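Asks: attaching a predicted model along with its sequence, questions to come.
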Amino acid sequence: WHLSHEGDLAKLAYGVENSDQLALMMTCAPGDRTAVVYGEVQPRSAHLQRASFGPTEMDPLSGGDAVETRIGLGDPTLMRLSEGRGLAVQGEAGAFDLPTTHAEQRMIQGFLAYCGSAHV
(Lines give C-alpha, C1' and ligand atoms only; values in the text may rest on other atoms or scores of the structure.)
Protein backbone atom coordinates (compact mmCIF):
# COMPACT_ATOMS: atom_id res chain seq x y z
CA TRP A 1 0.00 0.00 0.00
CA HIS A 2 1.15 3.54 -0.65
CA LEU A 3 -0.42 6.97 -0.41
CA SER A 4 0.20 10.02 -2.57
CA HIS A 5 -1.43 13.39 -3.13
CA GLU A 6 -2.03 15.32 -6.33
CA GLY A 7 -3.40 18.69 -5.33
CA ASP A 8 -6.43 18.01 -3.12
CA LEU A 9 -6.78 14.48 -4.51
CA ALA A 10 -5.52 11.65 -2.29
CA LYS A 11 -4.52 8.37 -3.95
CA LEU A 12 -4.27 5.09 -2.04
CA ALA A 13 -2.86 2.28 -4.17
CA TYR A 14 -1.84 -1.35 -3.83
CA GLY A 15 1.05 -2.29 -6.09
CA VAL A 16 4.48 -1.12 -7.11
CA GLU A 17 4.95 2.50 -6.03
CA ASN A 18 5.62 5.07 -8.80
CA SER A 19 4.64 2.62 -11.55
CA ASP A 20 1.66 1.41 -13.55
CA GLN A 21 1.86 -1.99 -11.81
CA LEU A 22 -1.13 -1.56 -9.51
CA ALA A 23 -3.80 -4.03 -8.50
CA LEU A 24 -6.08 -1.17 -7.49
CA MET A 25 -6.14 2.51 -6.67
CA MET A 26 -8.69 4.53 -4.70
CA THR A 27 -8.95 8.30 -5.00
CA CYS A 28 -10.91 10.97 -3.15
CA ALA A 29 -10.82 14.60 -2.06
CA PRO A 30 -11.75 16.18 1.28
CA GLY A 31 -15.49 16.13 1.85
CA ASP A 32 -16.10 13.17 -0.47
CA ARG A 33 -18.42 10.53 0.88
CA THR A 34 -17.17 7.95 -1.61
CA ALA A 35 -13.85 6.88 -3.07
CA VAL A 36 -13.40 6.16 -6.77
CA VAL A 37 -11.81 2.74 -7.35
CA TYR A 38 -9.79 1.76 -10.43
CA GLY A 39 -7.91 -1.42 -11.22
CA GLU A 40 -7.67 -5.07 -12.06
CA VAL A 41 -9.40 -6.04 -8.82
CA GLN A 42 -12.38 -4.43 -7.11
CA PRO A 43 -13.44 -4.47 -3.45
CA ARG A 44 -15.90 -7.23 -2.59
CA SER A 45 -18.79 -5.11 -1.38
CA ALA A 46 -22.52 -5.33 -1.86
CA HIS A 47 -22.55 -1.52 -2.01
CA LEU A 48 -20.01 -1.03 -4.81
CA GLN A 49 -21.43 1.26 -7.51
CA ARG A 50 -20.29 1.44 -11.10
CA ALA A 51 -19.08 5.01 -11.73
CA SER A 52 -18.84 4.90 -15.51
CA PHE A 53 -21.61 3.86 -17.88
CA GLY A 54 -21.49 3.24 -21.59
CA PRO A 55 -18.20 2.87 -23.47
CA THR A 56 -15.14 3.15 -21.26
CA GLU A 57 -11.60 4.20 -22.03
CA MET A 58 -8.96 1.54 -22.58
CA ASP A 59 -7.06 0.64 -19.42
CA PRO A 60 -3.36 1.22 -20.20
CA LEU A 61 -2.40 -1.48 -17.70
CA SER A 62 -4.43 -4.35 -19.07
CA GLY A 63 -5.36 -3.20 -22.57
CA GLY A 64 -9.02 -3.91 -21.71
CA ASP A 65 -11.88 -1.69 -20.61
CA ALA A 66 -11.10 0.55 -17.64
CA VAL A 67 -13.32 -0.28 -14.67
CA GLU A 68 -14.26 2.62 -12.42
CA THR A 69 -16.46 2.12 -9.39
CA ARG A 70 -17.37 4.03 -6.23
CA ILE A 71 -17.41 2.79 -2.66
CA GLY A 72 -18.69 4.63 0.42
CA LEU A 73 -16.01 5.66 2.90
CA GLY A 74 -18.01 3.96 5.67
CA ASP A 75 -18.40 0.70 3.74
CA PRO A 76 -17.71 -2.37 5.91
CA THR A 77 -15.09 -3.50 3.38
CA LEU A 78 -13.09 -0.29 3.93
CA MET A 79 -13.63 -0.44 7.69
CA ARG A 80 -12.15 -3.96 7.67
CA LEU A 81 -9.15 -2.59 5.75
CA SER A 82 -8.66 0.29 8.21
CA GLU A 83 -8.69 -2.24 11.08
CA GLY A 84 -5.72 -4.05 9.52
CA ARG A 85 -7.63 -7.10 8.31
CA GLY A 86 -6.87 -6.55 4.63
CA LEU A 87 -9.09 -5.61 1.71
CA ALA A 88 -11.38 -8.32 0.34
CA VAL A 89 -11.25 -8.06 -3.46
CA GLN A 90 -12.54 -9.83 -6.56
CA GLY A 91 -10.78 -10.08 -9.91
CA GLU A 92 -10.28 -12.42 -12.84
CA ALA A 93 -8.15 -14.66 -10.59
CA GLY A 94 -11.04 -15.00 -8.12
CA ALA A 95 -11.60 -13.69 -4.61
CA PHE A 96 -8.73 -12.96 -2.22
CA ASP A 97 -7.50 -10.41 0.32
CA LEU A 98 -4.90 -7.68 -0.17
CA PRO A 99 -3.00 -7.75 3.16
CA THR A 100 -1.84 -4.74 5.17
CA THR A 101 0.88 -4.14 7.74
CA HIS A 102 0.44 -2.17 10.97
CA ALA A 103 2.23 0.86 9.46
CA GLU A 104 0.04 0.66 6.33
CA GLN A 105 -3.04 0.46 8.55
CA ARG A 106 -2.25 3.89 10.04
CA MET A 107 -1.72 5.29 6.52
CA ILE A 108 -5.06 3.84 5.36
CA GLN A 109 -6.84 5.33 8.38
CA GLY A 110 -5.27 8.69 7.48
CA PHE A 111 -6.52 8.35 3.89
CA LEU A 112 -10.08 7.68 5.03
CA ALA A 113 -9.97 10.54 7.56
CA TYR A 114 -8.58 12.93 4.94
CA CYS A 115 -11.30 12.03 2.46
CA GLY A 116 -14.07 12.41 5.00
CA SER A 117 -12.83 15.76 6.29
CA ALA A 118 -14.43 19.00 5.19
CA HIS A 119 -11.09 20.72 4.58
CA VAL A 120 -7.53 20.06 3.41
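Replies: Thanks, I have the structure now.
Asks: bridged to Ile71, which residues?
Replies: Legend: beta-bridge partners of Ile71 under DSSP bridges are Ala35.
Asks: hang on, it packs against Leu48?
Replies: Yes. Ile71 is in contact with Leu48 according to C-beta atoms under 8 Å; the separation is 5.5 Å. C-beta here means a position set from N, CA and C on the backbone, and glycine is covered the same way.
Asks: which residues are in contact with the lowest-mean-pLDDT helix or strand in the chain?
Replies: The least trusted helix or strand in the chain, going by mean pLDDT, DSSP states H and E, turns out to be strand 49-50, with a mean of 82. Identification of contacts with strand 49-50 by C-beta atoms under 8 Å, 6 or more residues apart in numbering yields Thr34, Glu68, Thr69, Arg70, Ile71.
Asks: adjacent strands (with direction) for that strand?
Replies: Using DSSP bridges, strand 49-50 pairs in its sheet with strand 68-72 (antiparallel).
Asks: now do the partner strand: everything it contacts.
Replies: With contacts defined as C-beta under 8 Å, 6+ apart, strand 68-72 is touched by 26, 33-38, 42-43, 45, 47-52, 56, 77-78.
Asks: centre-most residue in this structure?
Replies: Met26 (2.8 Å; C-alpha atoms, centre = their mean).
Asks: skipping adjacent residues, who's closest to that residue in space?
Replies: Distances taken as C-beta to C-beta, 6 or more residues apart in numbering put Ala35 closest to Met26, at 4.3 Å, once the chain neighbours are dropped.
Asks: swap in Val16?
Replies: Nearest residue to Val16 in three dimensions, chain neighbours excluded: Leu22, at 7.2 Å (C-beta to C-beta, 6+ apart).
Asks: in three-state terms, label Lys11 for me.
Replies: Following DSSP: H, G, I helix; E, B strand; the rest coil, Lys11 is assigned to strand.
Asks: anything in contact with each of Ile71 and Leu48?
Replies: By C-beta under 8 Å, 6+ apart, the residues touching both Ile71 and Leu48 are Val37.
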